[in-house]
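J.: Return a 3D structure for these sequence lines:
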Amino acid sequence: MQKVSKSKKSNLQFPVGSVKRRLKERTKLRVSETAAVFLASTMEYMAAEVLELSGNEAKDHNKKIITAQHINLAIRGDEELNVLMGKGTVIAGGGVMPHIHEFLVPVNESTKSEGGDVGVQVNFCFYRIVCNVNP
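T.: Residues are numbered from 1 along each chain as shown. Next up, the predicted model:
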């Protein structure tokens, strides 16, 4: 009879034997087979989830290769993964989330307020100054 790996038995891609060995090394305790299978399946699910979301991000940017930026955008864009990873997680080469504060968005029209004041909005490169002029 031929040996069958624990990963094959549990229908997983992640190596259950390696996960068990690393758990034993790290904890210095006895580790059951089911704990190793559970941890390997959880790790496999998380990897599949992140890869699926980052693949969608790459597709949205018309790229065929997933980069660290796509992984970062996928994690920060997903509500549950963002909570799980937290603010302390840094992905090397991931960049930052694209965000432009609404104060920095250019406004090109003059507005009139109800009291007869003319509100003049002057736009400069990165900021705007709002002046109220009384006639």
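J.: Now the strand or helix carrying Gly17: buried residues?
T.: With elements delineated by DSSP states H and E, Gly17 resides in helix 16-27, which encompasses its position. Of the residues in helix 16-27, those scored as buried under the neighbour-count criterion (16 or more other Cβ atoms under 10 Å) are Val16, Val19, Lys20, Leu23. Using the backbone N, CA and C atoms, a C-beta is placed for each residue, glycine as well.
J.: Same question for stretch 66-84.
T.: Of all the residues in stretch 66-84, those buried under the rule 16+ other Cβ under 10 Å are Ile66, Thr67, Gln69, His70, Ile71, Asn72, Leu73, Ala74, Ile75, Arg76, Leu81.
J.: Let me have these in TSV, adding secondary structure as columns.
T.: Listed next are the buried residues of stretch 66-84 as TSV, based on DSSP: H, G, I helix; E, B strand; the rest coil:
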residue	secondary structure
Ile66	coil
Thr67	coil
Gln69	helix
His70	helix
Ile71	helix
Asn72	helix
Leu73	helix
Ala74	helix
Ile75	helix
Arg76	helix
Leu81	helix
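J.: hmm, which two among these are most spread apart?
T.: Of all pairs drawn from the buried residues of stretch 66-84, the greatest distance, 17.3 Å, lies between Thr67 and Leu81 (Cβ to Cβ).
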